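1. dropping a prediction and its sequence here:
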Amino acid sequence: MGFKETFFSAFCYLLLFSVSCKCLAAELDMVQTAGLEVDASWNLSRKIPDTLFGLFFEEINHAGAGGIWAELVSNRGFEAGGPHTPSNIDPWSIIGDESSIYVTTDCSSCFSQNIVALRMEILCDNCPASGVGIYNPGFWGMNIEEGKAYNLVMYIRSLESVELTASLTCSDGLQNLASVSVQGIDLSNWTKIELQLLPEGTCRTSRLELTSMRKGIIWFDQVSLMPSDTYKGHGFRKELLYMLLELRPQFLRFPGGCFVEGDWLRNAFRWRETIGPWEQRPGHFGDVWNYWTDDGLGYYEFLQLSEDLGASPIWVFNVGISHHDEVDTTIIEPFVKDVLDSLEFARGSAESTWGSVRAAMGHPERFPLKYVAIGNEDCEKEFYRGNYLKFYDAIHKAYPDIQMISNCDGSSRPLAHPADLYDFHVYTSAANLFIMKNKFDRTSRIGPKVFVSEYAVNEQRDAGKGSLLASLAEAAFLTGLEKNSDVVQMASYAPLFVNDNDRTWNPDAIVFNSWQQYGTPSYWMQTYFRESSGSIVNFGPNAVNFTISSRGLQAGVNTAKSTVTVLTSGNLLDENSFSEPNKVVPVKSELPDASEEMEAVLAPYSFTSFDLALDQYSKLVAEMFPTKCAN
């Protein structure tokens, strides 16, 4: 940021903490006035870490599959039931009846990593004019829009001549939006078919149909339908990615969360199986959140997403432990090698073993991965500490610049093992989180720094599906982290996404379905921290008349360009929704009385940011202070 903005970040920073405390006192004593004196001199400032606020992504609530990853087909490889056949092919269903079509699965796929294919036998001699076949509704309905293009890729095999039609229809199958035919092609061997569908109408709950009128047998595998307009062509749903960009995250933590370990080790996230051509990724069952993912959003896509967001990637990996401790400690070495290979994939040269795989995927440049979290919520598990040291030593030897994050909480007592940062998670009530704004006041400044990688108000009576109350408590908590930013280096809300059709965890920052999305008050609260800016939480039921006296500004306040932004609502438990997406959002207005001596009113139960523009400073001073600071 420029010097002018930097200076007022420093100026307003003090407002956060003093006023949040005074406002609580105002609530208890029914006092409705408060004052603050600010010395904004540069010699009293200190730097806030560039990495302080970022994002945490976990495959939960269909955040990736059916969410930010734009693939429209669910269970595209027919693998969701596992490698055994006949397999569960949900949500695929048949078009026709048992007299006209018979569908099963077998192990005839051309892909060794995912051997299951679907076998469709058409039995009718005089099939209906619309044909018989199979359809896929995607993730609770595909959003198909007129004027957009959709790319269909599928693998087909048949020993007979085939006349196949691929269509996009509304969920009842009656409104045909787009169709394209496949015929006159030798399909005696597995053949990759690529088609483009151009709908002539819009339907928010569409489905993909594959139908035929000709008697015979057709095998299908790896059926994919993607919008052609994904973000930068990288496969991400634009609207959801734009919401992440709005937060200007400084880091992205992936892939979890409990998704990393799995309830059982056999269902843990395996990075090797999520890279390379999408057709050859076997996918896996996330047994913690209980759904299948084709792993279209894999390790490579995480690194790509971090780059698209301009965020530092934080790679969380499994340490040979599951929630059920399904582990043989004698085989930890393969896990260590696996992690070293994952780091080479991200950071190795294009000529290295795994760096060359990355280069073949279209990214010869190295990804700037410099943080790894050694496990997730594993500190109290029997084998964690012993395993941790093996990972730590191996990574430190190979990549001495990588900063390593321990799962053990060091906020109250020193860690018994080396680490650069330690992970801290908190889910609680609004009252508790508000009080925890002082959590790190007495934390030792010697040793590892703090990474608050998961925080949120989640007590149901406070949070609902994302309430104003929750966001205010979280805002107060974050002001405390800013105050203690000499020891707190990073913080991220969790979870980030929820598909409204699969609320496994509640609440979440961003809510979506196949075609809509909105931010909860907690999402909008985070926009206040995109840069180090002065924000004040009034956690009480009374308005507060507030006086600010400042000195040391070194320039006058530009009244015409100064603004105030307020997050509040008529009811403390108000939420946003698809029908009212902007019920609780920040409202910006002019600040005509902005000056070194100014008065303002803090609304009851509100989060307020004063953005005071200063007159222009010299270029020399701007170059001296290019970073974010706080008094």
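-> Thanks, I have it.

2. close enough to count as contact, residue 255 and residue 59?
-> Yes: in this structure residue 255 lies within contact range of residue 59 using C-beta atoms under 8 Å: 6.1 Å. Bear in mind the C-beta positions are built from the backbone N, C-alpha and C, glycine included.

3. hey, what's in contact with both of these two?
-> Common contact partners of residue 255 and residue 59 (C-beta atoms under 8 Å, 6 or more residues apart in numbering): residue 269.

4. count of neighbours near residue 130?
-> Applying other C-beta atoms under 10 Å, we find 17 residues neighbouring residue 130.

5. for residue 414, that is, sorry about that
-> Neighbours around residue 414, by other C-beta under 10 Å: 10.

6. contact partners for it?
-> 444, 447.

7. did I read that right, it in a strand?
-> No: using DSSP: H, G, I helix; E, B strand; the rest coil, the assignment for residue 414 is coil, not a strand.

8. mind pulling up the pLDDT for it?
-> Residue 414 is assigned 93 on the pLDDT scale.

9. quick check: it vs residue 446, distance?
-> With the distance defined as C-beta to C-beta, to the nearest Å, residue 414 ends up 8 Å from residue 446.

10. now residue 143
-> As for residue 143, its distance to residue 446 is 53 Å (criterion: C-beta to C-beta).

11. between those two, which one's more packed in?
-> A count of neighbours by other C-beta under 10 Å puts residue 143 above the other of residue 143 and residue 446, at 19 against 7.

12. strands of the stretch 501-631 of the chain, start to end?
-> 510-512, 517-519, 535-538, 544-551, 557-567, 587-590, 597-602, 606-614, 629-630 (DSSP state E, counting those that start in this stretch).

13. no no, the stretch 201-350 of the chain
-> For the stretch 201-350 of the chain, the strands defined by DSSP E, counting those that start in this stretch cover 203-212, 216-227, 251-254, 284-286, 291-293, 312-317.

14. would you list the ones you listed in CSV and tack on mean pLDDT and distance to residue 470?
-> Output for these, formatted as CSV (pLDDT from 0 to 100; distance: least, C-beta to C-beta, whole Å):
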stretch, mean pLDDT, distance to residue 470
strand 203-212, 97, 29
strand 216-227, 98, 33
strand 251-254, 98, 21
strand 284-286, 94, 26
strand 291-293, 95, 26
strand 312-317, 98, 25
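
15. now residue 357, what's its secondary structure?
-> helix.

16. my guess is it meets residue 342, correct?
-> No: if you go by C-beta under 8 Å, residue 357 and residue 342 don't touch, sitting 11.0 Å apart.

17. ok, and the helix or strand in this protein with the lowest average confidence?
-> Within the chain, no helix or strand scores below helix 3-29, which has a mean of 37 by mean pLDDT, DSSP states H and E.

18. after that helix, next one along is what?
-> strand 33-39 (DSSP states H and E).

19. residues in contact with the nearest residue to residue 441 once chain neighbours are set aside?
-> Closest residue in space to residue 441, ignoring its immediate chain neighbours: residue 484 at 6.5 Å, by C-beta to C-beta, 6 or more residues apart in numbering. Contacts for residue 484 (C-beta under 8 Å, 6+ apart) come out as 440, 441, 443, 450.

20. now residue 605. Its backbone dihedrals?
-> Note on residue 605: its backbone torsions stand at phi 40, psi 70 [degrees, to the nearest 10].

21. and what about residue 174, helix, strand or coil?
-> Assignment for residue 174 (three-state DSSP): coil.

22. from here on, call the first residue 59.
-> Got it, the first residue is 59 from now on, which makes the last one we talked about residue 232.

23. may I have the secondary structure class of residue 527?
-> Quick answer, by three-state DSSP: residue 527 is helix.
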